[in-house]
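Chemist: Predicted model, plus sequence, below.
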Amino acid sequence: MNYKIDFSESPLIFHIDVNSAFLSWTAVDLLKKNKNNIDLRTIPSAIGGDVNSRHGIISARSIPAKKYNIQSGEAVVNAMQKCPSLVVVPTNFKLYRHYSKLFIDTLLLYTPNVQQASIDEAYCDFSDLYETYKDLKYKSYTFPLSLAHEIKDSIFSKYGFTVNVGISTNKLLAKMASDFTKPNRVHTLFKDEIPTKMWPLPINELHGCGKSTSMKLTSLGIKTIGDAAQTDLNILCSVLGDKHGKYIYYSSNGINTSTVSSKKRIAKSYSSERTMPSNLTADNYDSDITAIIDILSTNISKRMIKDNAFASTIGITLKTNNFKTHTTQTSLVSSTNDCNTIKSIALSLITNELLGENGIFMNGESIRLVGIFASNLDNGEYRQLSLFDKF
């Protein structure tokens, strides 16, 4: 295919997205353990919750499950009503992190310019690698399709899961392209393809256009991305505000200036949370809370130490059985990343919030989620050292 682009001078960005990541990675792992296991991707199946207790929500579902209108984010009990034969597998974040690393490591074999956008997607910048790949032929494809298909097929042959690859000259269009027909596909979305490939799409499919924004635009007759692209910028700004109005206008016209950054993003805070296997109550508080706080504090502390980050604020988040969220925090005289310090402060805050005067347990409520966060970060320059720290 011939494109009206000189790739020796033009930016070239890939967006690579794992298809149904959690479910795919689980299916691959089960098949790896026993090749006679049924492939979860071929039957109505989902990740999340517990099929026996019917607690929890669906975090991922197979293509056959989508035919039953099972949605990500819906309760397991509702999904089971739609499809009684639905196979539900619990989440396994250790497994997901393992396959995510394999995924990113594979991309780094092709370019050092990889920006991981989430656990299952990344941007790759090939703008400076034209001379390296310009003559690459793969199957019947020439550059850049040859490179995209080689990456896609390499991931599948090595690890058994599929990806979509979107190709364009900026991150927005590459992301839009990767969301076209799935799974295991390569799509392009260059400037001259915007009118035919992107503009006919509903406005809610524009990356970065949230539900409330799309509803507001639809109510004004702006139903497609093309409608937004052809709407006067001043009108969009008057309806959505200056920032959002400009974003919708420029994005719907395929204009995006953000760059692929392979540098690790500096964290503004660190947090860790767990949904309890069974609700935390006054009866099981003493036996269960210490282990939960230990896990959460250790998680936060290890990440902060790795990044040489210190926090001067430690806080906790509690979500009740009625889905009410309670948050409280405390400021420290000296910033810390010490696990025992974080643990001690978190335990004190949680105990007071649950068992103190007018505490949550006193009102007859239970806790379904516990979280700890550390914020107001520094790299240690404002930290007050103790006598022992100095020596």
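Modeler: Structure received. Just so you know, these numbers come straight off a predicted model, no measurement behind them.
Chemist: So which residues of the chain form strands?
Modeler: 13-18, 45-47, 60-61, 87-89, 114-118, 121-125, 137-138, 141-142, 163-168, 186-188, 270-280, 310-320, 325-336, 367-378 (DSSP state E).
Chemist: Okay, angle between the first one and strand 114-118 too, please.
Modeler: Taking axes from the mean of the first three to the mean of the last three Cα atoms, to 10 degrees, one finds strand 13-18 and strand 114-118 inclined to each other by 40 degrees.
Chemist: List the pairing partners of strand 13-18 within its sheet, with orientation.
Modeler: Using DSSP bridges, strand 13-18 pairs in its sheet with strand 121-125 (antiparallel), strand 163-168 (antiparallel).
Chemist: for these, which one ends up most surrounded?
Modeler: The highest mean neighbour count among the strands paired with strand 13-18, using mean count of other Cβ atoms under 10 Å, belongs to strand 163-168: a mean of 26. Placement of C-beta: from N, CA and C, glycine included.
Chemist: any idea how far the residue positioned nearest the centre of the chain lies from I203?
Modeler: In the chain, the residue lying closest to the centroid (Cα atoms, centre = their mean) is S118, at 4.2 Å. As defined by Cβ to Cβ, to the nearest Å, S118 lies at a distance of 23 Å from I203.
Chemist: Same check on G210?
Modeler: 11 Å.
Chemist: Between these two, which has more neighbouring residues?
Modeler: I203 (21 against 11; other Cβ atoms under 10 Å).
Chemist: My read is that that one contacts K216, right?
Modeler: No - the pair I203 / K216 is not scored as a contact, 9.8 Å apart, by Cβ atoms under 8 Å.
Chemist: what's the spacing between the closest residue in space to L12 that isn't next to it in sequence and I104?
Modeler: With sequence-adjacent residues excluded and distances taken as Cβ to Cβ, 6 or more residues apart in numbering, L12 is closest to F126, at 4.5 Å. Plainly put, F126 is 16 Å away from I104 if you go by Cβ to Cβ.
Chemist: Same check on L296?
Modeler: 25 Å.
Chemist: Looking only at neighbour counts, state which of the two leads.
Modeler: L296 (22 against 15).
Chemist: And the pLDDT at that one?
Modeler: Predicted confidence (pLDDT) for L296: 88.
Chemist: so what's it up against?
Modeler: S272, E273, R274, A346, V370, G371, I372 (Cβ atoms under 8 Å, 6 or more residues apart in numbering).
Chemist: Now rank these by neighbours and give me the top one.
Modeler: Result: I372 is most packed of the contacts of L296 (other Cβ under 10 Å), 28 neighbours.
Chemist: Mind listing the residues bridging to that residue?
Modeler: The partner residues for I372, given DSSP bridges, come to S272, I316.
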